[in-house]
Structure formats: structure tokens, C-alpha cells
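**Student:** Quick one: sequence plus predicted model below, questions after.
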Amino acid sequence: MNILLCEEHGCAYSICSEGELFYTPITEDGTIDTSDWCEVDFMSLLGEDQEVQDTVNKYHEQLITMMKSIGEYYQK
């Protein structure tokens, strides 16, 4: 599983092999619970500042690139 930490959002991001983006919070001690992922709702992001949207999209693209490089990304 590829995981990117985003300290400015206080969470970690990951994707499945089909590119769905998920997040889980970073706890106060700096750990993450890898069994507690929530899907990112891109529609709700439209109400956020552009900077937040850009950051989420940047992490999503980085994860897609990582998954493609190891042959685990299967776009429909």
C-alpha cells in the first residue's frame, strides 16, 4: 500500500488500484490507523479553498504515478 502523509491537512492519503483516493487522520503521536480509511469526496472539496483542492489533487496525482510505476494502477 502506498501512503503519503499530508501534515498540512493532518492526514495520510492512499489510493486503490483503480485510483479512488482515501484518507485517514494522523494522530497526535504521529501514527495512522491503516485499517480506518475514508474515501475522499471530491464534490465536497468544491466548497473548500482552491489551495486545499490543489493540494488534494497533487497528492492524488503523486499516488497514481507511484502506483503506475510499480504496475498496480488499473485505470478503467
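**Tutor:** That came through fine. Residues are numbered from 1 along each chain as shown.
**Student:** Can you tell me how far the residue nearest the centre of the chain is from residue 30?
**Tutor:** Residue closest to the average C-alpha location in the chain (Cα atoms, centre = their mean): residue 13, at 2.7 Å. Per Cβ to Cβ, to the nearest Å, residue 13 is found 16 Å from residue 30. Every C-beta, even on glycine, is put in place using the N, C-alpha and C of the backbone.
**Student:** For the one helix or strand residue 54 maps to, list every residue counted as buried.
**Tutor:** Using DSSP states H and E, residue 54 maps to helix 50-69. Under the neighbour-count criterion of 16 or more other Cβ atoms under 10 Å, helix 50-69 has 55-56, 59-60, 63-64, 66-67 buried.
**Student:** Can you check the pLDDT for the nearest residue to residue 45 once chain neighbours are set aside?
**Tutor:** Of all residues not flanking residue 45 in the chain, residue 53 sits nearest, at 5.2 Å (Cβ to Cβ, 6 or more residues apart in numbering). In this model, residue 53 is scored at 96, pLDDT.
**Student:** can you check residue 17 too?
**Tutor:** pLDDT, residue 17: 87.
**Student:** got a list of what it touches?
**Tutor:** 67, 72-74 (Cβ atoms under 8 Å, 6 or more residues apart in numbering).
**Student:** Make JSON lines out of those residues and add pLDDT.
**Tutor:** Converted to JSON lines, the contacts of residue 17 look like this (pLDDT from 0 to 100):
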{"residue": "67", "pLDDT": "92"}
{"residue": "72", "pLDDT": "84"}
{"residue": "73", "pLDDT": "81"}
{"residue": "74", "pLDDT": "75"}
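**Student:** if we take these, which one ends up nearest to residue 19?
**Tutor:** Nearest to residue 19 out of the contacts of residue 17 is residue 73 (Cβ to Cβ; 6.5 Å).
**Student:** Summarise which helices and strands the helix or strand residue 24 falls within is packed against.
**Tutor:** Using DSSP H and E, residue 24 falls within strand 21-25. On a contact count with 3 or more Cβ pairs under 8 Å, 6 or more residues apart in numbering; DSSP states H and E, strand 21-25 meets strand 11-15, strand 38-39, helix 50-69.
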